[in-house]
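Asks: sequence plus predicted model, see below.
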Amino acid sequence: MSRRTAPATIVETDVPARLDRLPWGRFHWLVVVALGITWILDGLEVTLTGSVAGALRQSPTLRFSAADVGFANSAYLAGAVLGALFFGWLTDRLGRKKLFSITLAVYFSATAATAFAWDLPSFALLRFITGAGIGGEYSAINSAIQELIPARRRGWTDLAINGSFWVGAAIAGMGSIVLLDPALFDPDLGWRIAFFLGAAIGVVILFLRRFIPESPRWLIVHGRTEEAERIVADIERRSDAPTGPAPRARLLARSHTPLGDVFAVILRTYPRRAVLGLILMAAQAFCYNAIFFTYAMMLTDFYGVRADAVGWYVLPFAAGNVAGPLLLGRFFDTIGRRRMIAFTYAMSALLLALTGWLFREGMLDATTQTLCWSITFFFASAAASSAYLTVAESFPLETRALTIAIFYALGTGIGGVIAPWAFGVLVESGSRGAVMGGYLFAAGLMALAGAAAWWLGIDSERRPLEDVARPLSWQDD
């Protein structure tokens, strides 16, 4: 069978409906584990850089300042932005599965190489490349999750997988406790070993991803109908899925979607969704990247926590972030997307502002500061995950990966890249009032996003993707 189909070919299929009626089974758990690892790796990387901030500043080779650490973190985020755009474009053209291996290989090669950095430019460059691999993962993985998970479970699954970022954070936190202990490792060696953690996990997951098929929805719109039918039939056979007639769709197959069509969809077809996606992405990016990239410096500079003990404070923080999407995620499929997105963003804003005020007034110590962060990010984690869910399901299949990349890039570029550096400067100033000002700014962005979700949000819960955003190739009978 040819892998490319003439643009005029009409495909009639029931594959999307059959994917949505599948019972939850082993296949879906494989998707969750093999693809959800992206967020675990990102959490590992972000937390490692935060946890080893003190070690990087104390390293006899690097001797970074707080601003240097913030600059390196911003380089990681800048790489993620550009990687998302480039690999997102490739994902829509070449398929979800092919990009899994490429982006994962870029990631674990670069993070392993970070262990050999010798100065700020080399460290920042390798963090940039690591970020590019992770950014590329976002597009391919979010697309595949949306297209492989049944509509009735799409919200909870997406939030739970995005929340697994904090599993990686916990792993990094525990690893840093051991690796940054000067009694066990030389100060200039422990942080280098730490960066091999992500590379080791990446190699294992590369093997698991061999068993994840290409998205049947993507195959259909590219004319590879027989391949899509085989994949779905195999999943049905192994999961005791219901058989019988299913609603059919007619699609116009084509080899790729022109970039002009992608931007027409964003700017002309769904402008309200575009505004909402940008606001949600930018607000959560600033909030998370500002606070989490610099939390270690907050603990060391304001509370006198030793660099090798920072990992102990990551664990309760990570627990709150994991629990939020897991416990609140089901309500995004029952109470509804719009209500829950607005609620989680608003609660995050309120709690973040309160934490900033308590910090300025000197009413917190290292333990209670961490407790406040844990409670705040219980809600903020669900809110941030819902931003990815909103963008991923709000636009047509042919543009999904690149659209995710565009909004991730814009949101992170606007709200995230400058945040670690800016907060690093605020922390280094030693002024509690200045740091509180940063907290309030982040809270204001989250409040704005909550209001936008209430006003512009769509009720997409439990609806097929083809109903939420009709494919560009859709043909009416």
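Replies: Done, it's in.

Asks: give me the neighbour count for residue 203.
Replies: 13 (other Cβ atoms under 10 Å). All C-beta spots, glycine's among them, are computed from the backbone N, C-alpha and C.

Asks: contacting residues around it?
Replies: Listed by Cβ atoms under 8 Å, 6 or more residues apart in numbering, the contact set of residue 203 reads residue 108.

Asks: from residue 233, how far out is it?
Replies: Relative to residue 233, residue 203 is positioned 32 Å away (criterion: Cβ to Cβ, to the nearest Å).

Asks: do residue 94 as well
Replies: Distance of residue 94 to residue 233, computed by Cβ to Cβ: 24 Å.

Asks: tell me which of those two has more neighbours.
Replies: Neighbours around residue 94 and residue 233, counted as other Cβ under 10 Å, are more numerous at residue 94. The numbers are 17 against 14.

Asks: show me the helices in the stretch 301-450 of the chain, by range?
Replies: With DSSP state H, counting those that start in this stretch as the criterion, the stretch 301-450 of the chain has helices at 310-334, 337-360, 366-393, 400-415, 418-429, 432-456.

Asks: list the buried residues for stretch 64-83?
Replies: Within stretch 64-83, the residues scored as buried using 16 or more other Cβ atoms under 10 Å are 64, 66, 68-83.

Asks: same check, this time on stretch 9-27
Replies: Buried residues in stretch 9-27, counted by 16+ other Cβ under 10 Å: 11, 13, 15, 16, 17, 18, 19, 20, 21, 22, 27.

Asks: what mean pLDDT does that stretch have?
Replies: For stretch 9-27, the mean per-residue pLDDT is 86.

Asks: how about the contacts made by the nearest residue to residue 214 once chain neighbours are set aside?
Replies: Residue nearest to residue 214 in three dimensions, not counting chain neighbours: residue 97, with 4.3 Å by Cβ to Cβ, 6 or more residues apart in numbering. Residues touching residue 97, when contacts are defined by Cβ under 8 Å, 6+ apart, comprise 144, 209, 212, 213, 214, 215.

Asks: who wins on neighbours among those residues?
Replies: By neighbour count, taken as other Cβ under 10 Å, the most surrounded of the contacts of residue 97 turns out to be residue 144 (28 neighbours).

Asks: and it, what does it touch?
Replies: With Cβ under 8 Å, 6+ apart as the criterion, the residues that contact residue 144 are 31, 35, 96, 97, 212, 215.

Asks: just residue 225 next, same as before
Replies: When contacts are counted by Cβ under 8 Å, 6+ apart, residue 225 is found next to 11, 13, 219, 253.

Asks: again with residue 133
Replies: For residue 133, the contacting residues are 83, 103, 104, 105, 106, 107, 108, 109, 110, by Cβ under 8 Å, 6+ apart.

Asks: so among those residues, which ones count as buried?
Replies: Neighbour counting by 16+ other Cβ under 10 Å classes 83, 103, 104, 106, 107, 108, 110 among the contacts of residue 133 as buried.

Asks: quick one: those as CSV, columns for distance to residue 414 and secondary structure too.
Replies: Output for the buried ones among the contacts of residue 133, formatted as CSV (distance: Cβ to Cβ, whole Å; DSSP: H, G, I helix; E, B strand; the rest coil):
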residue, distance to residue 414, secondary structure
83, 17, helix
103, 23, helix
104, 27, helix
106, 24, helix
107, 24, helix
108, 29, helix
110, 25, helix
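
Asks: select, from those, the two members most distant in space.
Replies: The largest distance within the buried ones among the contacts of residue 133, taken as Cβ to Cβ, falls between 83 and 108 and amounts to 13.9 Å.

Asks: just the contacts of residue 144: which has the poorest pLDDT?
Replies: For the contacts of residue 144, the pLDDT minimum is residue 35, 79.

Asks: hmm, residue 143 and that one touching each other?
Replies: No. Residue 35 lies out of contact with residue 143 (Cβ atoms under 8 Å); the separation is 9.9 Å.

Asks: quick one: low-confidence parts of the stretch 101-250 of the chain?
Replies: Applying pLDDT under 70 to the stretch 101-250 of the chain flags residues 180, 187.

Asks: quick check: which of the helices of the stretch 301-450 of the chain is buried the most?
Replies: helix 400-415 (a mean of 26; mean count of other Cβ atoms under 10 Å).

Asks: just the CA trace of that helix, in CSV.
Replies: Taking C-alpha atoms only, helix 400-415 is exported to CSV below (Å, rounded to 0.1, in the frame of the first residue of the first chain):
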residue,chain,number,x,y,z
ARG,A,400,-3.3,19.4,16.5
ALA,A,401,0.4,18.9,17.1
LEU,A,402,1.6,22.2,15.6
THR,A,403,-1.2,24.1,17.4
ILE,A,404,-0.1,22.6,20.7
ALA,A,405,3.4,23.6,19.8
ILE,A,406,2.4,27.2,18.9
PHE,A,407,0.5,27.8,22.1
TYR,A,408,3.1,26.1,24.2
ALA,A,409,5.8,28.2,22.6
LEU,A,410,3.8,31.5,22.8
GLY,A,411,2.7,30.8,26.4
THR,A,412,6.1,29.7,27.5
GLY,A,413,7.8,32.5,25.6
ILE,A,414,5.5,35.2,27.0
GLY,A,415,5.1,33.8,30.5
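
Asks: residue numbering should commence at 4 henceforth.
Replies: Shifting the count to begin at 4 puts that one at helix 403-418.

Asks: between helix 369-396 and it, find me the angle.
Replies: What separates the directions of helix 403-418 and helix 369-396 is an angle of 140 degrees, with axes from the mean of the first three to the mean of the last three Cα atoms, to 10 degrees.
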